[in-house]
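**Q** this one's structure only:
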């Protein structure tokens, strides 16, 4: 897949390198030549430019890019202007970084597809979320092994954990499942809540809207998610 990451600070640079390591084409953009030079040998392409300039941005290969990520964190004004500009260019999928609750509301008003909170989430987790469709969240235990949350694939709905045979087919250990449940608040309004079902047993039934929590190697997890 092809990505454009605008803003090569700590989070943007780490995400660009992680996505490149996963075999993707990444264009990294920043106004700092120092940052651009530091990454030119580590990611696919680097460009020093002002992402708030409409004419300059129009020259980027936006139509051929699967996901554009605005990772600018130091300058909220530049972040918002860049995000709005990209939204106007109708990029396929737009992800932007929020610094505080007010900033997040502005980005939501612009209509970004997803919002990143780097202070709470790592570049490694976002790299997995972006690359692996169906992945809900992940926790990296080491460079090779992770615990991930992934939506139950339709073909496993109605099966038990034993019948799904994820251990035999993909070498993945099912730790538990999480169910979406409806719960009424104190004022009588319904809301969705996530309920962990406890340690998975072989007889536990998988339902379509469940979230699987599995442990395994990153390679096996990628294989499972891509085939599912």
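**A** Thanks, I have the structure now. Everything numeric in this text was worked out from a predicted model, so none of it was measured.
**Q** hey, let's count contacts and neighbours off CA atoms from now on
**A** Fine.
**Q** in this structure, which helix or strand is least confident?
**A** Least confident helix or strand of the chain, by mean pLDDT, DSSP states H and E, is strand 135-140 with a mean of 58.
**Q** which elements pack onto whichever helix or strand comes after that strand?
**A** Sequence-wise, the next helix or strand downstream of strand 135-140 (DSSP states H and E) is strand 145-151. Where contact means 3 or more C-alpha pairs under 8 Å, 6 or more residues apart in numbering; DSSP states H and E, strand 145-151 is packed against strand 135-140, strand 211-217, helix 218-227.
**Q** ok and strand 145-151 relative to strand 211-217, angle-wise?
**A** Going by axes from the mean of the first three to the mean of the last three C-alpha atoms, to 10 degrees, strand 145-151 is angled at 160 degrees with respect to strand 211-217.
**Q** let's have the helices and strands packed on strand 145-151 in a markdown table, adding distance to residue 33.
**A** Compiled in a markdown table, the helices and strands packed on strand 145-151 are given as follows (distance: least, C-alpha to C-alpha, whole Å):
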| stretch | distance to residue 33 |
| --- | --- |
| strand 135-140 | 32 |
| strand 211-217 | 37 |
| helix 218-227 | 34 |
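**Q** pick the most buried one from the ones you listed.
**A** Among those, the stretch with the highest mean neighbour count (mean count of other C-alpha atoms under 10 Å) is strand 211-217, at a mean of 22.
**Q** measure the closest residue to residue 219 other than its chain neighbours to residue 40 for me?
**A** If the residues on either side of it in the chain are set aside, residue 219 comes closest to residue 144, at 7.7 Å by C-alpha to C-alpha, 6 or more residues apart in numbering. For residue 144, the distance to residue 40 (C-alpha to C-alpha, to the nearest Å) stands at 26 Å.
**Q** try residue 197
**A** Distance from residue 197 to residue 40, by C-alpha to C-alpha: 46 Å.
**Q** buried sites along stretch 168-182?
**A** 170, 172, 173, 174, 175, 176, 177, 178, 179 (16 or more other C-alpha atoms under 10 Å).
**Q** how far does the helix or strand harbouring residue 19 sit from the chain's center?
**A** Counting by DSSP H and E, the element that carries residue 19 is helix 10-21. For helix 10-21, the distance from its own C-alpha centre to the chain's C-alpha centre is 12 Å (C-alpha atoms, centre = their mean, to the nearest Å).
**Q** tell me which strands and helices that helix is in contact with?
**A** Helix 10-21 sits against strand 2-6, strand 25-30, helix 123-131, with contacts defined as 3+ C-alpha pairs under 8 Å, 6+ apart.
**Q** and these, which one averages the lowest pLDDT?
**A** Of all those, the minimum mean pLDDT falls on helix 123-131 (a mean of 61).
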